[in-house]
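Q: here's my sequence, what's the structure:
(one chain, ligands or ions: 1)
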Amino acid sequence: MKIALVAHDKKKEAIIQFSISYAPILKKHELFATGTTGKKINEATGLPITRFLSGPLGGDQQIGAKIATNEMDMVIFFRDPLTSQPHEPDISALMRLCDVHQIPLVTNLAGAEVMIRALEAGFFDWRNLLKNEDN
Ligand SMILES: O=C(CO)COP(=O)(O)O
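A: Reported below is the predicted structural model:
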C-alpha cells in the first residue's frame, strides 16, 4: 500500500513516536510524506520515504495529485486544529480529494492507531482489487 504521512509542526513529535511504534508495519509499505515530516520520520526510524515538497510550498497538493490519479492508498495526517496554516486551502483540498476518491484518511493519532492496525489486519485489501480493475 502507498501511505502518505503528514504532520503539522506541533504534531511532528507525535507522528515520529507513532512511526517508531509502528515501524514494523510501516516498513512493509511504500511511504510518502510532505518534506519536513518525511525528513524527521526518516531520521528517527530509518524507514525509506519518498518526500514531496513541504506542505506550505505545495506538498499537500502533490499528495492530492497522487490521490486523483489513484496512486495513493491512504493518508495519515496529524493535523493541528489549533494553529492557522497559511496553506489551509491546500489542506482542505487534500481532504476533499480523499472524500472524492474514497481514500481512507485519518487526521489524528487516535484514528491513526485504528488505521494502522486495520491495515495490518487486511481491512484495506480492497484497494488492491480496485487497482487491479484499473489495469
Ligand atoms: O504543512 C504540512 C501539511 O499541511 C506539512 O508539511 P511539512 O511536512 O513540510 O512540515
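
Q: hey, where'd the helices end up in this structure?
A: Along the chain, the stretches classed as helices by DSSP state H are 12-21, 23-26, 35-45, 59-68, 88-101, 109-120, 126-134.

Q: mind listing what the residue in the chain that the ligand sits nearest to touches?
A: Closest residue of the chain to the ligand, Cβ to the nearest ligand atom: Gly55 (2.0 Å). C-beta coordinates here come from the backbone N, C-alpha and C atoms, glycine included. If a contact means Cβ atoms under 8 Å, 6 or more residues apart in numbering, then Gly55 has Val6, His8, Thr34, Gly35, Thr36, Thr37, Gln85, His87, Asp90, Ile91 as its contacts.

Q: quick one, domains of the chain?
A: 9-51, 56-70+82-106 (automatic domain parsing).

Q: could you export those as a markdown table, including mean neighbour count and mean pLDDT?
A: Conversion of those to a markdown table gives the following (neighbours: other Cβ atoms under 10 Å; pLDDT from 0 to 100):
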| stretch | mean neighbour count | mean pLDDT |
| --- | --- | --- |
| domain 9-51 | 17 | 98 |
| domain 56-70+82-106 | 16 | 98 |
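
Q: relative to Lys131, which of those domains is closest?
A: Taking Cβ to Cβ, domain 56-70+82-106 is the member of those nearest to Lys131, at 6.8 Å.

Q: could you dump the helices of the chain to a markdown table with distance to the ligand?
A: Compiled in a markdown table, the helices of the chain are given as follows (distance: least, Cβ to the nearest ligand atom, whole Å):
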| stretch | distance to the ligand |
| --- | --- |
| helix 12-21 | 7 |
| helix 23-26 | 16 |
| helix 35-45 | 3 |
| helix 59-68 | 5 |
| helix 88-101 | 5 |
| helix 109-120 | 15 |
| helix 126-134 | 23 |
